[in-house]
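**Student:** Sequence unavailable; structure follows:
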């Protein structure tokens, strides 16, 4: 006679099945821009602009069929995109089976049913300011004394991390990046006294040795170490934080992350398509993390947000990152973000925020930063 399944597997099944059903039955919000995207046989093309008519690069464009993502692509430097429609969904415009979703951090997302060919092929996103820490009111966080009673949070994280590819310990990684930096004086109100604010092209690279060095430092000293900084007012004490917003983001899927944290499945509203898993530090004598993971009904990690908890000076530092969806073949992506944001408040007088948008990541064997192909407008094609 077969032994009964462990209680946490039964409970996990009860969690995943409603998530899957909720994703399949999720209603589509209908926008006013669907008629302006060009339909050319098995391909949807168009461009994404902001309300001032400027191209929006690195926006996520997703094709949905019955509420599920079946194709996705980022916009290029010129805001253009091209989405290939899977064979089984070609010719399904008449029955309103397909929808497009366009989103990027800092803008209101837009989703609509694709209903026919258009003339302009243009989608307009409306800017939405990103609230900064220190200007938001949050409820009390639950205490951090261990995993949830049934261990569901840890089991769900284990399932998710097992699906995402690993092996970055022997790879160099690099990508082109667009960065926006804002500095806000505290108590001055959003949007005032800003510095910077201009998207600048660049690239970032890393290597196995750099990531391995950070992993070792995290295990020894925690997620930050003390430094001295200097500005116009003089020298002051501060912290250097683990760069979890880019090359080191795969840390959220490593065994060492699991060893350093407790996991608690958070309550969710009925019909939600993501599960929220809170994580909190086991070793609170060192600088540690407190945050949450968003895990989709496909048990892939969609997003993560975190804050750094340190001894004095406490700088209200934290961040968040958004990861790409799985591809048409069901392959899970490496945990390298599409976009991210980090912030820190220094000397209780100013908050510095850096938002980043990434193009396609390039992975290469060896302890080196791989050569990146030319981007659009630089004499060559953008990275594939």
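**Tutor:** Noted; the coordinates are in hand. Just so we're clear, the structure is a prediction, and the values are computed from it rather than from any experiment. Residues are numbered from 1 along each chain as shown.
**Student:** Can you give me the distance of residue 245 to residue 206?
**Tutor:** 12 Å (CB to CB, to the nearest Å). Placement of C-beta: from N, CA and C, glycine included.
**Student:** same question, residue 182
**Tutor:** From residue 182 over to residue 206 (counting by CB to CB), the distance is 25 Å.
**Student:** Of all residues in the chain, which one is nearest the centre?
**Tutor:** Residue closest to the mean C-alpha point of the chain, counted by CA atoms, centre = their mean, is residue 322 at 0.6 Å.
**Student:** residue ranges of the helices in the stretch 1-150 of the chain, please?
**Tutor:** 7-24 (DSSP state H, counting those that start in this stretch).
**Student:** Pop the domain breakdown of the chain in here.
**Tutor:** Domain assignment of the chain by automatic domain parsing yields the ranges 34-125, 152-365.
**Student:** Distance to residue 144 and mean pLDDT for the ones you listed - can I get that in a markdown table?
**Tutor:** Output for the domains of the chain, formatted as a markdown table (distance: least, CB to CB, whole Å; pLDDT from 0 to 100):
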| stretch | distance to residue 144 | mean pLDDT |
| --- | --- | --- |
| domain 34-125 | 28 | 74 |
| domain 152-365 | 3 | 84 |
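**Student:** could these go into JSON lines alongside distance to residue 146?
**Tutor:** Shown next, in JSON lines, are the domains of the chain (distance: least, CB to CB, whole Å):
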{"stretch": "domain 34-125", "distance to residue 146": "33"}
{"stretch": "domain 152-365", "distance to residue 146": "5"}
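**Student:** between these, which one is nearest to residue 374?
**Tutor:** Ranking the domains of the chain by proximity to residue 374 (CB to CB) places domain 152-365 first, at 10.1 Å.
**Student:** Now residue 274. Nearest residue, chain neighbours left out?
**Tutor:** residue 294 (4.7 Å; CB to CB, 6 or more residues apart in numbering).
**Student:** strand partners of whichever strand or helix holds that neighbour, parallel vs antiparallel please.
**Tutor:** Element membership for residue 294 (DSSP states H and E) is strand 288-296. Each strand paired with strand 288-296, and its direction, by DSSP bridges: strand 274-281 (antiparallel), strand 301-309 (antiparallel).
**Student:** Give me the contacts around the first one.
**Tutor:** Right, the one you point to is strand 274-281. With contact meaning CB atoms under 8 Å, 6 or more residues apart in numbering, strand 274-281 is reached by 15, 19, 141-142, 144, 153, 156-157, 222, 257, 260-266, 268, 288-297, 302, 309.
**Student:** Kindly report the same for the longest one.
**Tutor:** The set of residues that contact strand 301-309 without belonging to it, under CB under 8 Å, 6+ apart, is 133, 160-161, 164, 223-224, 239, 241, 244, 249, 252-253, 274, 281, 284, 287-296, 315-323, 325, 335.
**Student:** what about 6 Å?
**Tutor:** 160, 223-224, 241, 252, 288-291, 293-296, 317-323 (CB atoms under 6 Å, 6 or more residues apart in numbering).
**Student:** Would you mind writing the PyMOL command to select the buried ones in those?
**Tutor:** To isolate the buried subset of the contacts of strand 301-309 in PyMOL, counting by 16 or more other CB atoms under 10 Å, use the following:
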select buried, resi 160+223+224+241+252+288+289+290+291+293+294+295+296+317+318+319+320+321+322+323
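**Student:** sorry, back to before: of the strands paired with strand 288-296, which is nearest residue 60?
**Tutor:** strand 301-309 (11.2 Å).
**Student:** List the buried residues of that closest one.
**Tutor:** Residues of strand 301-309 classed as buried: 301, 302, 303, 304, 306, 307, 308, 309 (neighbour count, 16+ other CB under 10 Å).
**Student:** need those residues in CSV with distance to residue 88, can you?
**Tutor:** Below are those laid out as CSV (distance: CB to CB, whole Å):
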residue, distance to residue 88
301, 27
302, 25
303, 29
304, 33
306, 39
307, 43
308, 46
309, 48
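**Student:** Of these, which pair is most distant in space?
**Tutor:** 302 and 309, at 23.9 Å, using CB to CB across the buried residues of strand 301-309.
**Student:** Which stretches in the stretch 151-300 of the chain count as helices?
**Tutor:** With DSSP H, counting those that start in this stretch as the criterion, the stretch 151-300 of the chain has helices spanning 152-163, 208-221, 255-260.
**Student:** Now tell me what touches the second one from outside.
**Tutor:** Meaning helix 208-221. By CB under 6 Å, 6+ apart, helix 208-221 touches 169, 170, 242, 248, 367.
**Student:** Now tabulate these in CSV and tack on distance to residue 73.
**Tutor:** Listed next are the contacts of helix 208-221 as CSV, based on distance: CB to CB, whole Å:
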residue, distance to residue 73
169, 29
170, 28
242, 30
248, 25
367, 31
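**Student:** Buried ones among those residues?
**Tutor:** Buried by 16+ other CB under 10 Å: 242, 248, out of those.
**Student:** Which one of the contacts of helix 208-221 is nearest to residue 72?
**Tutor:** residue 248 (24.0 Å).
**Student:** Please name the residues that touch the closest one.
**Tutor:** So residue 248 contacts 211, 214 (CB under 6 Å, 6+ apart).
**Student:** Can you verify my assumption that residue 324 contacts residue 338?
**Tutor:** Yes - Residue 324 lies in contact with residue 338 (CB atoms under 6 Å); the separation is 5.2 Å.
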